[in-house]
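J.: Below are the sequence and a predicted model for it; my questions follow.
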Amino acid sequence: MTMLGNFTARLDRVEAEFALRRLAHGYCVGADHRDRLRWEAIWATDAVWETGPDRIFIGFDAICAAVEQQWRTFPVMQHATANHTAS
């Protein structure tokens, strides 16, 4: 691999890692702040969100409806993430 190719591969890895960190951050902040626009921004239209073995939400609309139900049920939510590592 050329020096430029090696640099490009390393940069791609760093950008991917930052994107994943932003995704986790957006999930937590969107849910906790009841920020529908931020919440929507983290999901693909065909995403699957499994919150438990019997709680599986398929598709953007189902996922958004599910979090809105959580917002009505829980007066306060606080998510946290830790130990983001690339291996």
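T.: Done, it's in. A quick note: this is a predicted structure, and the numbers were derived from the prediction, not measured.
J.: Show me the shaky parts of the chain.
T.: Within the chain, the stretches with pLDDT under 70 are 85-87.
J.: Okay, helices next: where are they in the chain?
T.: 3-32, 36-41, 60-73 (DSSP state H).
J.: buried set for the shortest one?
T.: Taking 16 or more other C-beta atoms under 10 Å as the basis for neighbour counts, the residues of helix 36-41 that come out buried are Arg38, Trp39. (Each C-beta comes from the backbone N, C-alpha and C, glycine too.)
J.: Out of the helices of the chain, the one nearest Gly52 is which?
T.: For the helices of the chain, the distance to Gly52 is smallest for helix 60-73, at 11.1 Å, taking C-beta to C-beta.
J.: quick check: angle from that closest one to helix 3-32?
T.: Here helix 60-73 points in a direction 50 degrees away from that of helix 3-32 (axes from the mean of the first three to the mean of the last three C-alpha atoms, to 10 degrees).
J.: Please name the residues that touch the nearest residue to Ala47 once chain neighbours are set aside.
T.: Leaving aside its sequence neighbours, Ala47 sits nearest to Ile63 (C-beta to C-beta, 6 or more residues apart in numbering; 6.1 Å). Under the criterion of C-beta atoms under 8 Å, 6 or more residues apart in numbering, the neighbours of Ile63 are Trp43, Ala47, Trp49, Phe57.
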